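1. sequence first, predicted model second:
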Amino acid sequence: MDFDSNKFSYNLVSLMEENNMKQNVVADQIGVSEVIISRYISGKRTPRLDIIIKIANLFNVSTDFLLGISSNPNQLTSSGNLNTDISEIAHKLYSLKSDEHLSQKQIEFIKNMIITNKDLVLSYHKK
């Protein structure tokens, strides 16, 4: 699954309008500049995972809703527990049979997510 900047942008703008929030307020609340928010909205920049989480928390919606994966703004995760969901994904990846492989598109997506969130990933490695 690729990041859909159109869905993300639409949902971000809709949430801002519903909550009467301007770009500068959202930027201040999540710790980025107003220019960055503008670039997210225009699709010129892809937010890092930690920023997506901050935006979802700010508007009290799930990341799946913000990304356009789910139409339910209150669905936290498929199981309701992020650690469980991460464990399930890891289990599925590790249980691939030797003749099963991720598609190149899936590999690129995972690689881009890790690169985009390098600081977050490395912070967990240090613990």
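-> Perfect, I can see it now.
2. which SS class is K54?
-> Secondary structure, DSSP: H, G, I helix; E, B strand; the rest coil: K54 is helix.
3. list the contacts of the residue nearest to it when sequence neighbours are not counted.
-> Counting by CB to CB, 6 or more residues apart in numbering, I30 is the residue found nearest to K54 once chain neighbours are left out, at 4.1 Å. C-betas here are computed from N, CA, C, even on glycine. Contact partners of I30, counting by CB atoms under 8 Å, 6 or more residues apart in numbering, are I51, K54, I55, L58.
4. go on, F59?
-> So F59 contacts L15, N19, L66 (CB under 8 Å, 6+ apart).
5. ChimeraX command to pick out the buried ones of these?
-> Restricted to buried positions by 16 or more other CB atoms under 10 Å, the ChimeraX selection for these reads:
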select :15,66
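6. which of the contacts of F59 fall in strands?
-> If you go by DSSP state E, these have nothing in strands.
7. want to throw the contacts of F59 into JSON lines with distance to D4 and pLDDT?
-> Below are the contacts of F59 laid out as JSON lines (distance: CB to CB, whole Å; pLDDT from 0 to 100):
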{"residue": "L15", "distance to D4": "16", "pLDDT": "94"}
{"residue": "N19", "distance to D4": "22", "pLDDT": "93"}
{"residue": "L66", "distance to D4": "11", "pLDDT": "89"}
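8. just send the contacts of F59 back as a markdown table, with distance to I41 too.
-> Below are those laid out as a markdown table (distance: CB to CB, whole Å):
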| residue | distance to I41 |
| --- | --- |
| L15 | 11 |
| N19 | 15 |
| L66 | 13 |
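9. what about the contacts of I30, which one has the most neighbours?
-> Neighbour count (other CB atoms under 10 Å) singles out I55 as the most crowded of the contacts of I30, with 24 neighbours.
10. low-confidence ranges in this structure?
-> 1-2, 74-127 (pLDDT under 70).
11. one step back: out of the contacts of I30, who's nearest N72?
-> Of all the contacts of I30, N72 sits closest to I55, with 16.9 Å by CB to CB.
12. wait, the closest one sits on L66?
-> Yes: applying CB atoms under 8 Å, one finds I55 in contact with L66, separated by 6.1 Å.
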